[in-house]
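K.L.:
Got a sequence here, can you model it:
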Amino acid sequence: MENIPEYLENARARLGAFNQLIGLEVDEAGEGFCRSSCPIEEKLLNPRGSVHGGALATVLDTTAGLAAIMSSPAQRSVVTQSADIHYLRPVTGGRMFCRAETVKAGRHTGLVQAEIRTEDGTLAVTASFEIFFVD
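P.N.:
Got it, this is the predicted structure:
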């Protein structure tokens, strides 16, 4: 997957205020994929000291949505229809990294796979997103 500067610029421009609030950054983007990262700060932690599931879901959903947008020649907007998220292990300390890849992008719907890894590369969360393209 090739990181394409114009895709990266477009993906970064699409990050909303909430994503900026949690510190999400787009690191790479190209046709049908996106990679992001987020610092693990106290504001993202649950009472047990690991990243809150809602914060993990936000990172996954945003990165998957950007990957879907990058798969469309017109780079249309998308809406998540359904998500299947599997929390495999707690995410703590440092930075988390998310990678999303479009598996299929049709005229109206698509499928995106995403994952979050810890700083040492350990797989922590996986997800599948069914998305709907909005014109």
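
K.L.:
Would you check that A11 makes contact with G65?
P.N.:
No - with contact defined as C-beta atoms under 8 Å, A11 does not count as touching G65 (9.7 Å). Bear in mind the C-beta positions are built from the backbone N, C-alpha and C, glycine included.

K.L.:
These two: which has the busier surroundings?
P.N.:
Legend: neighbour count by other C-beta atoms under 10 Å for A11 and G65, higher for A11 (27 against 22).

K.L.:
Show me the strands in this structure, by range?
P.N.:
Using DSSP state E, the strands of the chain run over 25-30, 33-39, 77-87, 95-105, 109-117, 123-134.

K.L.:
And the second one, what's buried?
P.N.:
For strand 33-39, the buried set under the neighbour-count rule, 16 or more other C-beta atoms under 10 Å, comprises F33, C34, R35, S36, S37, C38.

K.L.:
got these as a markdown table, with pLDDT and distance to T92 columns?
P.N.:
As requested, the buried residues of strand 33-39 are exported to a markdown table (pLDDT from 0 to 100; distance: C-beta to C-beta, whole Å):
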| residue | pLDDT | distance to T92 |
| --- | --- | --- |
| F33 | 95 | 26 |
| C34 | 96 | 24 |
| R35 | 97 | 21 |
| S36 | 98 | 18 |
| S37 | 98 | 15 |
| C38 | 98 | 13 |
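
K.L.:
picking that back up, now the strands of the chain in a markdown table, with distance to I4?
P.N.:
Shown next, in a markdown table, are those (distance: least, C-beta to C-beta, whole Å):
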| stretch | distance to I4 |
| --- | --- |
| strand 25-30 | 5 |
| strand 33-39 | 10 |
| strand 77-87 | 19 |
| strand 95-105 | 14 |
| strand 109-117 | 18 |
| strand 123-134 | 20 |
